[in-house]
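Chemist: the following block contains a protein sequence and its predicted model.
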Amino acid sequence: MSLEGRHLGRYRLLEPLGSGGMSVVYRGLDTSLQREVAVKVLHPHLARQQDARARLAREARAVARLQHPNILEVFDFADPSTEDAFLVTELVRGEIRLARLEIGAPSEARASTTSPPA
């Protein structure tokens, strides 16, 4: 079940970007700041489990302490009293390198994995 169009607090979920065993990531809009964000939403059956919510909160706090160009910036996460469990991060636009490899586009990554170092 897609949550597309739904609001989670001040975040409007615009479209799903990907999913996994624990969550779905949506392109979202922070309606207060009028900026696009990524919203990771735990699947409903996990959002009802305190251990899964605690894990998401630990993830949010741990990543929020890190500052590195290759690590997403955490903006927010759901209060434990809310029905939905979610984590809000910066939205990074661009092509996924793995997708380039799968479709056969030339890249430095392919060259480095198929050729021995000079």
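Modeler: Right, received. Where do you want to start?
Chemist: who's in contact with the nearest residue to R6 once chain neighbours are set aside?
Modeler: Closest residue to R6 apart from its sequence neighbours, by C-beta to C-beta, 6 or more residues apart in numbering: L13 at 5.3 Å. For glycine as for every other residue, the C-beta is placed from the backbone atoms N, C-alpha and C. Contacts for L13 (C-beta atoms under 8 Å, 6 or more residues apart in numbering) come out as 3-7, 26-28, 39, 41.
Chemist: now for those residues: which two are most distant?
Modeler: Distances among the contacts of L13 were taken as C-beta to C-beta; the most separated pair is H7 and R27, at 14.2 Å.
Chemist: who's more crowded, these two?
Modeler: The neighbour comparison of H7 against R27 (other C-beta atoms under 10 Å) goes to R27, with 17 against 12.
Chemist: the more buried one is in contact with G18, isn't it?
Modeler: No. In this structure, R27 is not within contact of G18 by C-beta atoms under 8 Å, at 10.2 Å.
Chemist: how far does the strand or helix carrying V24 sit from its chain's centre?
Modeler: Using DSSP states H and E, the element containing V24 is strand 23-30. Computed by C-alpha atoms, centre = their mean, to the nearest Å, the separation of strand 23-30 from the middle of its chain amounts to 7 Å.
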